[in-house]
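Participant: Here you go, sequence then predicted model.
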Amino acid sequence: MPQRRSRVAPSAEQSELAAALAALRTRIDAPTEFSPRALAEAESAVAAEPDLDLRDVPFVTLDPAGSRDLDQALQLERAGAGYRVRYAIADVPGFLTPGGAIDTEARERGQTLYLADGNIPLHPLVLSADRASLLPDQVRPALVWTFVLDSDGAVTDFRLERALMRSRAQLEYVSAQAAIDRGEPGPLSLLGEIGELRRHQEQRRGGASLNLPDEEVVQRPDGTYDIERRHPLPIEDWNAQLSLMTGMAAAELMIGAKTGVLRTMPQPDDHAFATFRHQTRALGRPWTSGRYGDYLRELDKADPMTLPILEAAATLFRGAGYVSFDGALPEGDLKQAAIAAPYTHATAPLRRLVDRWSLAICLAVFQGRPAPDWARDSLAQLPELMEQSGRRASQLNGDTINRVEAALLGPLIGRRIQASVIEMRGESRATVQIADPAVTTSAPVPEGTAPGETVTLTLESVDVARGEIQFAA
């Protein structure tokens with residue numbers, strides 16, 4: 001589905017918005033700058049000695065355009081009736097000194113935070129956007145997963161090694177998707193084939209993917225701000241399947257060693273399923289049988305009812321968290337419900353704290369060594385560190401979008417605006433989608449309104465500094 005953009009033009013609203021977004025940085029409850037000691041440590045950091053030289057392997061990276069913190073590189077090839085997938089991950093554990101300044105300050109941050117006017121990185125930029133990043137035509141240390149897949153895309157064997165590698169090209173989603181659609185030969189020619197096989201494996205497991213449209217605030221060279229909303233391209237889902245495959249392999253290693261950290265999500269309860277069934281009936285697209293993952297996979301992205309259905313389905317994907325363990329496995333089902341398998345985060349160590357623990361533990365386990373003492377000593381604190389950073393990132397993202405949406409609507413005060421109801425929030429309030437400008441917000445609606453209906457709203461006021469929008473009933 002094509003992306004939709006809404007622009008805040010240079011104006012009084014634009015100036016007010018720029019000030020409001022800049023003010024968000026001062027409200028973040030985490031460091032926004034690195035200490036001199038951490039910066040000096042980053043400059044002098046030396047990578048761990050590799051065990052293997054894979055510089056002749058033609059890796060490439062695949063990321064959003066303009067990215068500099070490149071965590072992953074891939075190389076795909078046929079292997080008999082199946083496939084070989086090499087998935088290189090930036091060797092952040094090999095650069096950092098446990099207990100050092102960067103380690104300490106990264107734990108306070110938890111993850112890279114993204115703002116409209118830039119980001120607040122998890123690690124100093126000399127590492128995250130340079131020496132540890134898998135940039136093209138640069139020799140880099142990496143933790144390389146090698147997977148052997150059968151003709152159905154199932155993993156029959158895998159290994160993990162510390163190696164030198166060199167990416168041949170930095171590819172981005174839009175042009176790479178276009179090249180695949182044209183049937184051009186290239187380093188990603190097998191990605192769709194392997195990605196679809198992995199999607200079928202997900203379906204067999206009973207897994208589900210939500211795939212809500214992306215919503216991102218971007219700043220243009222002319223100083224304007226956009227909100228871009230678009231459905232992910234197929235290539236993004238195929239690439240994500242490789243990351244999921246890696247996370248499941250990492251979970252398998254840590255469960256076998258009874259030491260590690262898992263990404264968790266509980267199975268939705270009967271009440272959540274019943275509510276979702278009711279919502280799909282109200283939207284005219286009833287889920288009557290089968291698994292909810294199959295139902296979501298079959299939705300037509302061009303159908304205007306798909307977005308409200310996906311928004312309603314988000315309630316089935318709540319409760320995600322982390323659980324750590326050392327010496328004994330956690331009680332209960334170890335599966336991440338949406339993935340339908342044990343899973344952990346292990347593919348984005350430049351941007352997410354927990355992945356460094358996962359990778360360090362997995363490498364030790366695969367090599368037959370005990371998990372590193374520094375990782376075991378801090379495992380118990382890791383879930384809370386990630387939960388705190390997750391709340392911070394979610395709040396920041398919501399605050400940013402609210403302020404841009406208020407600025408977008410500023411010129412329309414007093415006008416009547418049509419909107420589609422996505423989800424009811426009580427009897428007389430709903431989450432609504434305005435088409436132009438593209439804004440998703442909360443508004444009062446007449447009692448008896450149902451999801452999928454169109455309502456007419458009158459915009460009373462906006463407060464850009466606070467990100468607040470008021471409509472008349």
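Facilitator: Thanks, I have the structure now.

Participant: only C-alpha atoms for contact and neighbour calcs from this point on.
Facilitator: OK.

Participant: which stretches of the chain have low pLDDT?
Facilitator: The chain contains residues with pLDDT under 70 at 1-13, 223, 473.

Participant: domain assignment for it?
Facilitator: The chain breaks down by automatic domain parsing into domains covering 4-266+320-406, 271-313+412-472.

Participant: TSV please, covering those and showing mean neighbour count.
Facilitator: TSV is the format used below for the domains of the chain (neighbours: other Cα atoms under 10 Å):
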stretch	mean neighbour count
domain 4-266+320-406	19
domain 271-313+412-472	17
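
Participant: Sticking with the residue nearest the centre of the chain, tell me its helix or strand.
Facilitator: By Cα atoms, centre = their mean, the mean C-alpha position of the chain lies nearest to Ala240, the distance being 9.2 Å. Here Ala240, judged by DSSP states H and E, is contained in helix 234-257.

Participant: Run through who's touching that helix.
Facilitator: Helix 234-257 is contacted by residues 87, 145, 158, 173, 176-177, 191-192, 194-196, 198-199, 260-262, 329, 341-347, 358-359, 361-362, 365-366 when judged by Cα atoms under 8 Å, 6 or more residues apart in numbering.

Participant: Likewise for stretch 178-194?
Facilitator: 58, 60, 75-77, 83, 153, 176, 234-235, 238-239.

Participant: among those residues, which two are most distant?
Facilitator: Spanning the widest gap among the contacts of stretch 178-194 are Pro58 and Pro234, at 22.8 Å by Cα to Cα.

Participant: For the contacts of stretch 178-194, give me TSV that also has distance to Leu307.
Facilitator: As requested, those are exported to TSV (distance: Cα to Cα, whole Å):
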residue	distance to Leu307
Pro58	39
Val60	33
Gln75	34
Leu76	33
Glu77	36
Tyr83	35
Gly153	30
Ala176	26
Pro234	17
Ile235	20
Trp238	21
Asn239	23
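
Participant: from the residues you listed, which is closest to Gln219?
Facilitator: Nearest member of the contacts of stretch 178-194 to Gln219, counting by Cα to Cα, is Ala176, at 23.3 Å.

Participant: Using the three-state scheme, assign that closest one.
Facilitator: Judged by DSSP: H, G, I helix; E, B strand; the rest coil, the three-state class of Ala176 is helix.

Participant: Ok, the one 4 residues further on next?
Facilitator: In the three-state summary, Ile180 is assigned as helix, counting by three-state DSSP.

Participant: so how far is Gly82 from it?
Facilitator: 20 Å (Cα to Cα, to the nearest Å).

Participant: same thing with Thr440?
Facilitator: Using Cα to Cα, Thr440 is found at 44 Å from Gly82.

Participant: Check Gln203 too.
Facilitator: Separation of Gln203 from Gly82 (Cα to Cα): 19 Å.

Participant: Asn239 now?
Facilitator: Distance from Asn239 to Gly82, counting by Cα to Cα: 18 Å.

Participant: How about Thr344?
Facilitator: According to Cα to Cα, Thr344 stands 25 Å off from Gly82.

Participant: Over to Val323?
Facilitator: 34 Å.

Participant: got the residue ranges for the strands in the stretch 151-300 of the chain?
Facilitator: Taking DSSP state E, counting those that start in this stretch, the strands of the stretch 151-300 of the chain run over residues 155-172, 214-219, 225-230, 259-264.

Participant: Could you dump these into JSON lines with distance to Lys301 added?
Facilitator: Below are the strands of the stretch 151-300 of the chain laid out as JSON lines (distance: least, Cα to Cα, whole Å):
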{"stretch": "strand 155-172", "distance to Lys301": "22"}
{"stretch": "strand 214-219", "distance to Lys301": "13"}
{"stretch": "strand 225-230", "distance to Lys301": "11"}
{"stretch": "strand 259-264", "distance to Lys301": "28"}
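
Participant: quick one: Ala407 is in a helix?
Facilitator: Yes: assessed by three-state DSSP, Ala407 belongs to a helix.

Participant: What's the local residue count around it?
Facilitator: 30 (other Cα atoms under 10 Å).

Participant: can you check the one 4 residues further on too?
Facilitator: Neighbour count of Pro411, defined by other Cα under 10 Å: 13.

Participant: Doesn't it belong to a helix?
Facilitator: Yes: with three-state DSSP as the criterion, Pro411 is part of a helix.

Participant: ok, now how distant is it from Ala438?
Facilitator: Using Cα to Cα, we find Pro411 at a distance of 14 Å from Ala438.

Participant: what do you get for Arg220?
Facilitator: According to Cα to Cα, Arg220 stands 17 Å off from Ala438.

Participant: what does the host helix or strand of Phe147 rub up against?
Facilitator: Taking DSSP H and E as the criterion, Phe147 maps to strand 139-149. Outside strand 139-149, the residues that touch it by Cα under 8 Å, 6+ apart are 47-48, 50, 55, 79, 82-91, 131-134, 155-167, 246, 359.

Participant: Taking their axis directions, that strand and helix 234-257 sit at what angle?
Facilitator: 80 degrees (axes from the mean of the first three to the mean of the last three Cα atoms, to 10 degrees).

Participant: bridging residues for the nearest residue to Ser442 once chain neighbours are set aside?
Facilitator: Closest residue to Ser442 apart from its sequence neighbours, by Cα to Cα, 6 or more residues apart in numbering: Thr431 at 4.5 Å. Beta-bridge pairing of Thr431 under DSSP bridges involves Glu423, Ser442.

Participant: Return the residues in contact with Asp300.
Facilitator: Asp300 sits next to Thr306 when contact means Cα under 8 Å, 6+ apart.

Participant: what about stretch 344-352, start to end distance?
Facilitator: End-to-end for stretch 344-352, by Cα to Cα: 12 Å.

Participant: now that stretch, how far from the centre of its chain.
Facilitator: 10 Å (Cα atoms, centre = their mean, to the nearest Å).

Participant: Specify the angle between the helix or strand where Ala364 lies and strand 259-264 in degrees.
Facilitator: If you go by DSSP H and E, Ala364 is part of helix 354-366. Using the same axes, to 10 degrees, the direction of helix 354-366 lies 130 degrees away from that of strand 259-264.

Participant: same for helix 354-366, what does it pack against?
Facilitator: helix 92-95, strand 155-172, helix 234-257, strand 259-264, helix 373-378 (3 or more Cα pairs under 8 Å, 6 or more residues apart in numbering; DSSP states H and E).

Participant: Thanks a lot, see you next time.
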